[in-house]
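Visitor: what's the 3D shape of this:
(2 chains)
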Amino acid sequence: MSTGTVFDIQRFCVDDGPGIRTTVFLKGCPLHCVWCHNAEGLSGKVQLYYSAEHCIGCQICQAVCPVQAHRFTDSGHTVDFSRCITCGACVDACPNESLRLAGKLMTAEEVLSEVVKDQPFFESSGGGMTLSGGEPLMQGEFAISLAKLAKERGLHVCIETSGFCNHETMKSIAQYVDLFLFDYKHSSPEAHKRYTGVENKIILENLEFLETLEKPVILRCPIIPDCNDTKEHYGAIAALANRMKNIIEIHIEPYHPFGVSKYTALGLTAMYNSQEMMPKDASEQAAETVRALSGKNVIIS
Amino acid sequence: MYESILSNTLDVLKSLIFPIPAQGGIAGSGLKCGNIEWAREMGRSDNHHYPMGTAYLKMGVRGVAEKAAASAKKTESPEKRELLEGISKVYDEIGNSLARYAEEVYANAGDDQRLLRIADNLKALSQRAPVHFDEALQLVALMWYLRTLSCGGADIGRLDVHLKPYFENDISNGYLTENDVRELLCDFWLLINQKCGGDTLNNVMVGGMNPDGSDAGSRLSVLMLEATQKCAMSEPHINVRVHPNLNPDIYHAMLKVQLMGQGQATAYNDEVVIPGLIKFGIPEKLAYSYTNDGCTEIMLDGYSGIDFAHMDAVGVFELAFNNGNWAPRTYRKPVKYWHKNNAERFYTPEVVPGIPTGRVEDCETFDEFYKQFLRQYEFQTRYKANGLKRREDDRRVNIVTSLLLNGTYDYILDSGKDIQRGGFPVTAYMLFSGSIPTVADCLVSIKKLVYEQKKYTVSQIKEAIRVNFDGYEMMRQEMASMPKFGNDIDEVDLIAADIASHFCQWLDDFRNETGFAIMPALIGWRFLEEAYGVAATPDGRRYTDPIAEHYCATPGKASKGPTAHINSIAKAKDAIARSVGVCAVHITLPSNFGNTEKSLMILDSLVKSAFAQGLNQMNIAIYDAELLKKAQKDPENHKDIIVRVWGYSAQFVGLCKEMQDHVISRVAAKLT
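Guide: Now for the predicted structure:
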């Protein structure tokens, strides 16, 4: 039985593919994009997640923790994440949701039984299941099981991927996926490596492969001020989209700072921690540039 | 019996002061009579919750007078004769009033073609039945105005069905264009809004299935929805009967109105409501005629009135938790009904204390406690049911009803029986029990914390409630973290469904025992006051925190989105089918839901899936919580915001602060 680590199953997602969808977030990512807004997805391991704003200072976590990871001092509740062994004792004891474990080991069947709860809504809206992450294909076997199981139950399947996976995994999952939401983060190989930690060669090869299969792709382009908000990059997005017939739509995803607090909750530090939303006119300008150059449907999401 | 009603009605009609319409094609806005007390007596025993009949459309007001006079001559019963002769005199005088109104408008018209046309219509209506759409709508507007002279509003019913023949005739022979009709409808909508807004009972129902399965809706239904979209005001509250053969244009127009985010149009599910009514014993033809009452409740358009009683479910829980008494507590605050101009008062939940159902402290299992709760609930249900039966018994002996209203139903013009003394083909009584989901939240919290995890005793919880959790924040947080209705969690959803089923069954039992039928309705409109009337509750709810509306999640607690919320509700499918009064559902979406073709498709999916799963009614609203907070601080510049209150929508800035806060609490976290 295929199992994997899931950090969220979110219902009524209306921006992760067509219709009403349930998005399954798989933990772990081989990329480390400096702007990543989903810090829970970075590590493949289960992690303690502490929301300081919900803590009522009851100190029960301190009492039950076997490794003294929780401390209460005059300055309040501090968590030493380096000590934490993610045993979950504090999570069980916490009276509210101030402490939780990010990541849960689940079987594919368990995940699907949660997903199909909204099947009537999928059917009436043309929606279905979306696999996301992290990078869902980092848990390739599990992702394939989920997609296969979902297809067997008649669900429309999308996958949100960086495209960074081995060719066999991509080949395997492609047969169960109806629509790819494929990230395109940077057009310069060097910059790609600098900002995401990996080169984009494999990614582009996988994208080419999907074209040979004529698999529909929505190109998702995060636009991050001072990283990739350049005319050259916009031109490259358009050129790629023009070249590949299977790219049916381009999504411009302007930077937002909503993920920064998640780093703190996991005891991490965000690399790109701007608190500023990307200005609306800048994202509209980006979309307009790509639209003019590509002639494809470009939306800001 | 009818002397006083008759003389007051004639006094009203003779003293009417006729306003000259400053704009539009419909006269009547601002109509007044000499004395408001006369108008009150004219409308005696009319609760305004149901639509008038359509006799005046079919035969004209003179025709009604003639028909009633002819029937009066035939009857041997003095009582019937008095009613019929009264109707005849009233409707003759309405004809005279219309003639006077026409003269008044002619006198002020000069060569203004708009006013001349209005005057022509009034004159024609004073003599004969309406022939054209504008005449028919004018007559509907004036009859509605006469009926509501002493109050804010009254139910309007299936206006698209009533006016369809006039509309289709005028369109086919080129007398009017669709644009003309839309404008006229806007004039009528505006006239209603100029009178009053909010809890007015002004409901219009469009669409719906005919007994042969065909669509009763028409292009006129679409135009009514478009008029609502164009006016963007709270009145009239617009509703749509959805069924498989509903014209897609009507359905689409409904979604467009819903996308405005003002808590309209409310959708009703013919495929559940009609079989439910037939099973309840309503004759088939009448079941297909259903419309909604002044708020949300179902009644029969032109064939029934409605009367009801209301029961506060969380109040019942509090009584069960305290062996038939109110919870001891150290706090109490007054609250307003819903509008900022209502007076503050201390609210006592609509249940009776004093029935000991047992000490919860002595229950060894959750089942024992749950049975005690059900005993309390059954007692309260029967108490309310008996009250309704007494009301009907009294009514049969004593009641006399407005002649103006009686005269609108063509069968009354034959039978001569007062609508409320056997005149209506169906006598409709309803018992409302809303807020069951908050009770389920309380029960599951007790089940887990007291009986399963044994973290607290009932006495400890009672003490925490007594002081509104002051010093018991940890306990409160644990309670707040327990499963909540609205998140598709069987453990709590099935408790709510079970309570709802029992409620329906008790009313069935009562009917079998007494012969008196009461429709169950999962509706509750006093949720705001109830939050001030009951103490804190073991779901972790502090005193005055919101209580569930109708059969929906406690505001702010449905954290998994609308699909999970709808699924939670649909688990009570069987009880919903039996809740012929309707199971009212409010779904609130955050404003970043958008206003695109995709948003329309999502709304479409929510409505279709909810109805396929057995819901019989659904209201969707879309709010921007931040904008609502801004409006609280700056009401002058936010008068355009309309929100759903309970069975109606109203101007947000007109609500009392407590209701404003309640509406804001409905908005779940923004979509990710």
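Visitor: for B:I461, give me its contacts.
Guide: If a contact means C-beta atoms under 8 Å, 6 or more residues apart in numbering or on different chains, then B:I461 has B:I446, B:L449, B:V450, B:M475, B:P538 as its contacts. All C-beta spots, glycine's among them, are computed from the backbone N, C-alpha and C.
Visitor: now the second one: how far from B:A464?
Guide: By that I understand B:L449. B:L449 sits 11 Å away from B:A464, going by C-beta to C-beta, to the nearest Å.
Visitor: same question for the fourth one.
Guide: Remark: distance between B:M475 and B:A464 (C-beta to C-beta) = 5 Å.
Visitor: cool, and the third one?
Guide: Distance of B:V450 to B:A464, computed by C-beta to C-beta: 12 Å.
Visitor: again with B:D418
Guide: Note on B:D418: its distance to B:A464, by C-beta to C-beta, is 54 Å.
Visitor: quick one, which of those two is more surrounded?
Guide: When B:D418 and B:A464 are compared for neighbours, B:D418 comes out ahead with 26 against 22, by other C-beta atoms under 10 Å in any protein chain shown.
Visitor: who touches the more buried one in this structure?
Guide: Under the criterion of C-beta under 8 Å, 6+ apart, the neighbours of B:D418 are B:L83, B:I399, B:V400, B:T401, B:N406, B:I412.
Visitor: and which of those is nearest to chain A?
Guide: For the contacts of B:D418, the closest approach to chain A (C-beta to the nearest C-beta) belongs to B:I412, at 44.1 Å.
Visitor: buried residues of the helix or strand containing that closest one, list them for me.
Guide: Assigned by DSSP states H and E, B:I412 falls within helix B:410-415. Buried positions in helix B:410-415, judged by neighbour count with 16 or more other C-beta atoms under 10 Å in any protein chain shown: B:D410, B:I412, B:L413, B:S415.
Visitor: my guess is B:A496 contacts B:S435. True?
Guide: No: the pair B:A496 / B:S435 is not scored as a contact, 10.1 Å apart, by C-beta atoms under 8 Å.
Visitor: pLDDT of the longest strand anywhere in chain A, averaged?
Guide: Using DSSP state E to define each element, chain A has its longest strand at strand A:3-13. Mean pLDDT, computed over strand A:3-13, is 95.
Visitor: right, and the helix or strand after that strand?
Guide: Assigned by DSSP H and E, the successor of strand A:3-13 is strand A:21-26.
Visitor: for whichever residue of the stretch 451-600 of chain B sits closest to chain A, grab the count of nearby residues.
Guide: Using C-beta to the nearest C-beta, B:G561 is the residue of the stretch 451-600 of chain B that sits closest to chain A, at 3.2 Å. Per other C-beta under 10 Å, the neighbour tally for B:G561 reads 27.
Visitor: show the contacting residues for residue 211.
Guide: Unless you meant another one, I'm taking chain A. If a contact means C-beta under 8 Å, 6+ apart, then A:E211 has A:V217, A:M244, A:K245, A:N246 as its contacts.
Visitor: my bad, the chain I had in mind was chain B
Guide: Residues near B:P211 by C-beta under 8 Å, 6+ apart: B:E284, B:K285, B:Y288.
Visitor: separation between it and chain A?
Guide: Separation of B:P211 from chain A (C-beta to the nearest C-beta, to the nearest Å) stands at 27 Å.
Visitor: local confidence estimate at that residue?
Guide: With respect to pLDDT, B:P211 scores 95.
Visitor: would you agree it falls within a helix?
Guide: No: counting by DSSP: H, G, I helix; E, B strand; the rest coil, B:P211 is not found in a helix; it is coil.
Visitor: state the mean pLDDT of the helix or strand in which B:A564 is found.
Guide: Assigned by DSSP H and E, B:A564 falls within helix B:562-570. Mean per-residue pLDDT for helix B:562-570: 97.
Visitor: send the alpha carbons of that helix over as PDB?
Guide: Output in PDB follows, covering the C-alpha atoms of helix B:562-570 (Å, rounded to 0.1, in the frame of the first residue of the first chain):
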ATOM      1  CA  PRO B 562     -18.800  25.800   1.600                       C
ATOM      2  CA  THR B 563     -18.600  22.200   0.100                       C
ATOM      3  CA  ALA B 564     -17.900  20.700   3.500                       C
ATOM      4  CA  HIS B 565     -20.600  23.000   5.000                       C
ATOM      5  CA  ILE B 566     -23.200  21.800   2.500                       C
ATOM      6  CA  ASN B 567     -22.200  18.200   3.000                       C
ATOM      7  CA  SER B 568     -22.700  18.600   6.800                       C
ATOM      8  CA  ILE B 569     -26.200  19.900   6.200                       C
ATOM      9  CA  ALA B 570     -27.000  17.300   3.600                       C
END
